[in-house]
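K.L.:
mind looking at a prediction? Sequence and model below.
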Amino acid sequence: MEGSTTPILLRVFLRRKNETEANAVPTSERALPSHEAWMILYALMIPSTIMPLSSSMSRVALPVLRDTFSMSADVVAWTSSAFTLPYMILMPVYGRLSDGVGRRRLILAGIAIFSAGSAMALFATNLTWLMIGRAVQGFGIAGMMPLGMAFIATVFREGERGKALGTWGSIGPLMAAIGPFFAGFLVDAWGWRAAFAPALLLGLAGIYAVRQWVPAGLSDVQPHFWRSFDWTGVLLLAGTLTLGLFYLSSRPITGVEPLRDWRLLAALALLLVFFLVWESRRANPFVSLNLFSYRNFRFASLCAAIRMFVMGGASFLVPLYLVDIHDFSPGILGLMLTVNPGAMALMVRFGGQAADRWGSRWPVLAGLSGQALAVFFLSQLPASVHVGVVIFLLALQGLSVGTMLAALHQAAMSETKEDEMGTAAGVYSMIRFVGVAIGTALAGVLLHTGLERGLPVIEAYQQVFLYVALAGLVGITASLGLRSRPG
């Protein structure tokens, strides 16, 4: 008996020793075979579809929700902001936790939470429960983008990273194109609730794919990491971002007109100062301010925030514009909303390959310029314009956004150290979605203000589209600061 047991124990000891030695070296040196790396990427593409599918389908329901609950434009914006606020706050939390807790288990937990929120939204009996369900959705799905980016940046070498990020990133726009198509028919047949039903099925598929094809052990797990985590920094950042959004769209929150509640502004400034001081003094901060010493991370984050500001503002406005100006039904609206993400999906992989070949600066500059021009031309359209012109401009915007998507991701991660990948991906993703939250909220505020002033409906939309387009100039300028090749 003893003679037969000893070899087994020796094999167990040697296996554990080898695993320990593997964990002692950077993940990029663990030499995953190419086919395994691509299998992981394909599996991660399934949970990565959840957010774009859910968001694109919910946009089709916006006009119906507005009419069902008799909401003004700035309150309508909060049906999106209720999702976006926890989503953007928790992105860096997931990213930072993944550096010590493990990415795979965080992805699985996040999908489960999102599925619970989808059920709450689907069965909501009033606006309050709908908002809560949307917030829980955002809470759960916040980790999919930074965790996926960190996985891919880890298992692929630099020469393949742009192509891999482009392939992974293409699934989001593709699902965002498919989502409205089906949502239009579902909402037409069964009302706004139907826009939230497919997310439940997709959540189950995502859990299966990750459990089946993403192996454990690809990220290091640090004992007692939860205890040393900077939860105070999380609360300070969450308070800062929440107060910022409340100040921007304060009327539904405090009853004071937007940008005039000085109590919110004072509290925002105070919390921001506390957050910066706290993080600068922490040995292991929640948000490492050292990330902003990397030139490409700094400029890529700013460009991505502006890209998402323009995209968020336009994505909020377009469904309402098409219903109010062109009188589209939900079915036709769903078809129209496939144009932008469909065009984006066509360009994402090409943009990643272009970034591999020529660097990030030129795809980003071209993308931001095309996006700003498309929204500017939307601001100049009369109410009588042929719908074909609108389709062309939506396609131009999608092609432009797709051109720069992978290039921005690659630039943000290009100078980041191995042990900072999860944190950097989380902070970068949060900054991007700060842009979309501000763009959505501001578009709602400006549209409500224009209509309250008695502007004709078409002029109110034209004015807001123009403001959104002008913000793109900031991103175009910032793109010139990107290094084409890190060095």
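P.N.:
Great, that's in hand. Note that the structure is predicted; figures quoted are calculated from it, not measured.
K.L.:
once you drop chain neighbours, what's closest to the residue positioned nearest the centre of the chain?
P.N.:
When C-alpha atoms, centre = their mean is applied to the chain, the residue found nearest the centroid is Phe433 (5.5 Å). Nearest residue to Phe433 in three dimensions, chain neighbours excluded: Met88, at 3.6 Å (C-beta to C-beta, 6 or more residues apart in numbering). Just so you know, the C-beta spots here come from the backbone N, C-alpha and C atoms, and that holds for glycine as well.
K.L.:
cool, and Ser369?
P.N.:
Nearest to Ser369 is Ile476, by C-beta to C-beta, 6+ apart, at 5.7 Å.
K.L.:
Leu130 now?
P.N.:
Ala124 (4.0 Å).
K.L.:
that neighbour: helix or strand, and which one exactly?
P.N.:
Using DSSP states H and E, Ala124 sits within no helix or strand.
K.L.:
who's in contact with stretch 117-131?
P.N.:
54, 65, 69, 71, 78-79, 82, 132-140, 193, 196-197, 199-200, 203 (C-beta atoms under 8 Å, 6 or more residues apart in numbering).
K.L.:
how is the protein partitioned into domains?
P.N.:
When the chain is parsed with automatic domain parsing, its domains come out as 32-211+286-479, 230-285.
K.L.:
next, format the ones you listed as CSV and append mean pLDDT.
P.N.:
Listed next are these as CSV, based on pLDDT from 0 to 100:
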stretch, mean pLDDT
domain 32-211+286-479, 87
domain 230-285, 91
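K.L.:
just the ones you listed: most buried one?
P.N.:
domain 32-211+286-479 (a mean of 22; mean count of other C-beta atoms under 10 Å).
K.L.:
shouldn't Gln463 be in contact with Leu455?
P.N.:
Yes - assessed by C-beta atoms under 8 Å, Gln463 is found in contact with Leu455 at 7.1 Å.
K.L.:
and the spatially closest residue to Ile207 that is not a sequence neighbour, what element?
P.N.:
Among residues not flanking Ile207 along the chain, Ile111 sits closest, at 5.3 Å (C-beta to C-beta, 6+ apart). Ile111 belongs to helix 103-122 when assigned by DSSP H and E.
K.L.:
Phe433 now?
P.N.:
Secondary structure (DSSP H and E) places Phe433 in helix 421-452.
K.L.:
which secondary structure elements does whichever strand or helix holds Leu333 contact?
P.N.:
Leu333 belongs to helix 330-336 when assigned by DSSP H and E. Judged by 3 or more C-beta pairs under 8 Å, 6 or more residues apart in numbering; DSSP states H and E, the packing partners of helix 330-336 are helix 50-69, helix 158-190, helix 295-326, helix 387-413.
K.L.:
which residues sit against it?
P.N.:
Contacts of helix 330-336 (C-beta under 8 Å, 6+ apart): 60-61, 63-64, 180-185, 187-188, 318-319, 322-323, 328, 387, 390-391, 394.
K.L.:
and stretch 193-201, by the same measure?
P.N.:
50, 53-54, 57-58, 60-61, 114-115, 118-119, 121-124, 133, 137, 179, 182-183, 186-187.
K.L.:
same thing but 7 Å
P.N.:
50, 53-54, 57-58, 60-61, 115, 118-119, 121-122, 183, 186-187 (C-beta atoms under 7 Å, 6 or more residues apart in numbering).
K.L.:
can you check stretch 352-367 too?
P.N.:
Against stretch 352-367 from outside (C-beta under 7 Å, 6+ apart): 162-163, 165-166, 303, 351, 400-401, 403-404, 406-408, 410-411, 476, 479, 482, 484-485.
K.L.:
run the chain-centre distance for that stretch.
P.N.:
Distance, stretch centre to chain centre, for stretch 352-367: 20 Å (C-alpha atoms, centre = their mean, to the nearest Å).
K.L.:
try stretch 157-167
P.N.:
19 Å.
K.L.:
equivalent analysis for stretch 286-302, please.
P.N.:
18 Å.
K.L.:
pull up the distance across that stretch, start to finish.
P.N.:
20 Å (C-alpha to C-alpha, to the nearest Å).
K.L.:
I would like the residues contacting it, please.
P.N.:
92, 96, 230, 233-234, 237, 279-280, 408, 411-412, 414-416, 420, 423-424, 427-428, 431, 478, 481-483, 486.
K.L.:
how much space between the closest residue to Pro92 other than its chain neighbours and Phe196?
P.N.:
Among residues not flanking Pro92 along the chain, Gly426 sits closest, at 3.6 Å (C-beta to C-beta, 6+ apart). Plainly put, Gly426 is 26 Å away from Phe196 if you go by C-beta to C-beta, to the nearest Å.
K.L.:
what's the answer for Ala314, then?
P.N.:
Taken as C-beta to C-beta, the span from Ala314 to Phe196 is 23 Å.
K.L.:
do Ala425 as well
P.N.:
27 Å.
K.L.:
assign Leu259 to helix, strand or coil.
P.N.:
Recorded secondary structure, Leu259: coil (DSSP: H, G, I helix; E, B strand; the rest coil).
K.L.:
contact partners for it?
P.N.:
247-248.
K.L.:
can you report phi and psi for it?
P.N.:
Leu259 adopts backbone torsions of phi 60, psi 20, taken as degrees, to the nearest 10.
K.L.:
and the residue nearest to Ala77 when sequence neighbours are not counted, how far is that from Phe69?
P.N.:
Sequence neighbours aside, Gly444 is the residue nearest to Ala77 in space, at 2.7 Å (criterion: C-beta to C-beta, 6+ apart). Distance, Gly444 to Phe69, using C-beta to C-beta: 14 Å.
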